[in-house]
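Asker: The following comprises the amino acid sequence and a computationally predicted model.
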Amino acid sequence: MPEISLTHTAAHARHGSNIGQPLTRRDGLLKVKGEARYAADNHPPGMLHAVLAVSSIARGRVKSLDVAAAKRHPGVVEVMTSANRPPLAEDPDAKTNPFMFRMELLQNDSVRYANQPIAVVIAETLEAATEGAALLSPQYEVLPARVGLDAGESFVPPAVGIGNPAVIERGDVGAGLAAASKRIEATYETPAQYHNAMEPHAIVVAWNGDTLSIDTPSQGLAMAQGRIAGLFGISPDKIHIRSPFLGGGFGSKGLVSGPQVLGILAARLVGRPVKLVLRREHMYGPVGHRSASRQKLRIGVDGDGLLTAIDHHAKIATSTFDDFYEPAADASHTLYASPAIATSHEAVRIDTGTPLFMRAPGEATGSIALESAIDEAAWACRLDPLAFRLKNYAEVEPISGKPFSSKALRECYAQGAERFGWSKRPLAPRQLRDEAGLLVGWGIGTATFPALMFQAEARAVVRSDGSGVMETGAHDMGQGAWTALAQIAADGLGLDLEQVEFKAGTSDLPDAGIAGGSAHTATAGMAIHNAGSAVIAKLADLATGDEHSPLFGAGNAGVVARDGRLFRRDDETRSESYVDILGRAGLAQVEARGKAAVDPAAQANYAMHAHGAVFAEVKVDPDLGQIRVTRLVGAFAAGRVINPHLVRSQIYGGMIWGMSFALHEQAITDRRSGRIINANLAEYHVPVNADVPSMEALMIEEHDPHVNALGIKGVGEIGITGSAGAIANAVWHATGVRVRRFPIPIEELV
Ligand code: MOS
């Protein structure tokens with residue numbers, strides 16, 4: 001592994017001993033022993049239980065609630081409704097930046113979606129609170145629910161995602177399509193999906209005067225702290241949030257949600273600590289979801305099999321009262337070289353909870369449509385779908401014309417194809433059968449996800465006993481951040497992992513940014529790396545400026561740190577330990593802070609993305625249409641790998657989400673009531689182990705000098721983008737039937 005050179009501090013630690021090691025996750029033992037304390041495991045003295053009552057209609061208003069009946073139930077302490085909810089300093093419907101999620105905090109009696117909180121029952125026990133909520137017998141004034149993508153007026157949203165233009169055209173798509181010798185025009189539909197983290201949203205909260213003590217899972221501690229501070233009109237430093245472990249988030253814990261704030265309000269109302277944990281069915285509404293989409297793709301190809309145009313239009317749903325629009329069509333910006341590309345979004349407001357970032361928001365939804373359409377175009381030209389993708393390989397980012405900061409996608413295609421045995425694939429569909437007579441199909445999908453980075457800060461300490469501390473409010477959602485970030489910390493401090501105390505997971509530590517956009521390792525990791533460099537520079541100043549040190553006169557640039565010592569670069573026999581440096585200086589410790597920040601010049605000059613290629617084999621029962629994925633091979637290039645063990649697990653998770661997108665997941669809304677009819681894990685299907693018989697993820701070496709000094713691109717979400725399309729394309733190859741509705745309904749195959 002090459003040494004990273006830093007431009008901003010001269011002295012620094014040498015990499016190699018910790019970064020890149022396949023270490024077992026440090027939280028694993030705690031989790032299997034049941035010793036990892038999740039938010040809902042906390043029980044402060046005097047704690048009460050709060051349970052939401054939610055709306056069973058999707059649109060209208062609450063006429064009445066039988067609060068008296070609920071309060072008569074033994075154990076019920078209080079019922080919070082819009083009549084007695086404590087005041088807030090800020091309107092929950094106010095929005096001054098795109099990261100403010102509008103919430104139902106009992107501000108009035110209106111109902112905007114099914115499962116909207118309409119009251120909170122607070123009781124001595126969970127059972128009493130649950131029973132109290134059931135006794136409220138709400139009466140409604142019901143208005144017809146607007147369900148589905150054709151239910152509301154459609155319009156062009158002002159922006160999509162976190163502020164991308166909703167409509168973009170580069171080149172002349174009309175001319176490109178007119179000049180094409182083959183044209184594909186197809187419409188794909190994707191369903192609403194719900195995050196369904198294993199751990200539901202939960203909060204345990206205690207007020208001490210105007211200070212708040214909170215245990216709650218969060219993917220963005222500092223943002224949650226800021227949002228709560230605004231709503232309650234208190235200073236952020238009075239809010240202490242602990243989030244050491246999350247049982248998954250997938251985007252739904254990126255912004256603090258309404259139910260979490262209702263827990264804080266409930267504690268204020270009763271003047272005692274309160275625990276509020278969402279029931280599984282209550283997660284289908286107030287905490288975000290992926291909206292349904294209908295995507296129309298038009299693709300033109302010339303006589304040589306080269307793309308002449310891609311036109312990707314996405315119609316997407318959002319709520320009636322907030323503005324998250326999933327940027328599905330933007331998936332067509334990056335992957336395939338085409339002289340003309342147009343992407344456009346059309347939105348529709350329906351009676352649903354507001355959608356939110358969910359597992360590659362935009363990229364996943366758009367990718368399954370784009371990868372299917374590219375496959376259709378390849379077949380129209382009677383070209384192998386991998387050969388077609390290579391013919392149209394983007395050497396520069398098509399939409400911007402910028403060079404890629406690095407792109408090892410060719411190697412991903414080559415190594416993935418080799419491993420899978422792709423060269424034996426018959427071109428035409430419905431050619432392969434197994435010994436039992438099942439139809440066998442092979443498909444490919446390309447994966448891509450932007451290499452993002454946000455702002456973060458970390459604090460590093462080296463103590464006079466030679467040990468180190470690294471602090472940053474990072475989030476471990478189950479992905480292994482605790483371990484990977486501690487590896488970066490140890491290397492940054494020039495110490496072994498055991499000598500570093502790594503602290504994360506609370507809002508009292510420096511802001512580690514949001515654990516989202518697959519950017520957490522890059523973001524928190526760069527803050528850690530820079531804090532490490534800064535504290536090493538202080539040690540170097542102490543040593544090289546002291547005539548009693550063997551490093552005297554070497555200059556800050558003339559030393560390097562490893563194994564708890566500073567070494568002279570020009571003569572490594574001369575070194576001094578951190579213990580000796582601090583001891584002679586009479587210091588108990590030195591400390592320094594470091595920040596992660598995006599390099600604007602690199603951003604302006606390069607397109608930054610991770611890439612991958614996924615190959616899928618499916619077997620389809622010719623009589624029943626039953627689909628089984630029998631093999632998935634993915635090859636991914638995502639810059640520097642901090643911990644290959646954890647990265648492979650992340651990629652596996654992403655690939656399983658892709659399988660889920662293609663074949664399993666969907667929320668079904670009843671058209672009459674506007675209610676989701678499968679709001680539970682029995683009927684909302686996700687893959688289980690039996691659905692995933694064989695999966696391989698190869699990591700392709702990639703050095704990226706531009707994304708950040710550590711060369712990290714991120715791996716959290718990319719797996720979903722290639723896998724969903726690969727499986728859909730394999731189903732076509734098995735059956736000859738092109739299904740454009742997901743999850744693929746088996747009745748369309750026979
Ligand atoms: Mo992710 S959807 O950015 O948690």
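Answerer: Perfect, I can see it now. Numbering: from 1, shown residues only.
Asker: Can you give me the domain assignment for this protein?
Answerer: 12-36+454-597, 39-143+201-277, 167-175+289-452+604-748 (automatic domain parsing).
Asker: For residue 150, find the nearest of these.
Answerer: When those are compared by CB to CB, domain 167-175+289-452+604-748 sits nearest residue 150, at 7.7 Å. (Glycine included, C-beta is placed from N, CA and C.)
Asker: any idea of the mean pLDDT for that closest one?
Answerer: Mean pLDDT, domain 167-175+289-452+604-748: 97.
Asker: is the longest helix along the chain up against the ligand anywhere?
Answerer: Assignment by DSSP state H gives helix 520-544 as the longest helix of the chain. No - applying CB under 6 Å from any ligand atom, one finds helix 520-544 separated from the ligand by no less than 9.0 Å.
Asker: Give the other helices and strands that that helix contacts.
Answerer: Judged by 3 or more CB pairs under 8 Å, 6 or more residues apart in numbering; DSSP states H and E, helix 520-544 is in contact with strand 12-13, strand 456-463, strand 468-471, helix 481-493, strand 559-562, strand 565-568, helix 578-585, strand 589-596.
Asker: Just send the domains of the chain back as JSON lines, with mean neighbour count too.
Answerer: Putting these into JSON lines (neighbours: other CB atoms under 10 Å) gives the following:
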{"stretch": "domain 12-36+454-597", "mean neighbour count": "21"}
{"stretch": "domain 39-143+201-277", "mean neighbour count": "20"}
{"stretch": "domain 167-175+289-452+604-748", "mean neighbour count": "22"}
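Asker: List of residues touching stretch 225-240?
Answerer: Outside stretch 225-240, the residues that touch it by CB atoms under 8 Å, 6 or more residues apart in numbering are 88-90, 92, 100, 105, 210-214, 222, 241, 255-256, 261, 264, 506-508.
Asker: swap the cut-off to 6 Å and go again
Answerer: By CB atoms under 6 Å, 6 or more residues apart in numbering, the residues outside stretch 225-240 that reach it are 88, 89, 90, 210, 211, 212, 213, 241, 256, 507, 508.
Asker: of all those residues, which comes closest to the ligand?
Answerer: residue 256 (14.0 Å; CB to the nearest ligand atom).
Asker: that's a helix at that closest one, yeah?
Answerer: No - counting by DSSP: H, G, I helix; E, B strand; the rest coil, residue 256 is not found in a helix; it is coil.
Asker: Once you drop chain neighbours, what's closest to it?
Answerer: Using CB to CB, 6 or more residues apart in numbering and skipping the chain neighbours, the partner closest in space to residue 256 is residue 224 (4.2 Å).
Asker: what about that neighbour, helix or strand, and which?
Answerer: For residue 224, the element it lies in under DSSP states H and E is helix 221-232.
Asker: same check, this time on residue 77
Answerer: Secondary structure assignment for residue 77, by DSSP H and E: strand 76-80.
Asker: Give the other helices and strands that that strand contacts.
Answerer: Counting contacts by 3 or more CB pairs under 6 Å, 6 or more residues apart in numbering; DSSP states H and E, strand 76-80 packs against helix 67-72, strand 117-123, helix 258-270.
Asker: and if we set it to 10 Å?
Answerer: strand 48-54, helix 67-72, strand 117-123, helix 126-134, helix 258-270 (3 or more CB pairs under 10 Å, 6 or more residues apart in numbering; DSSP states H and E).
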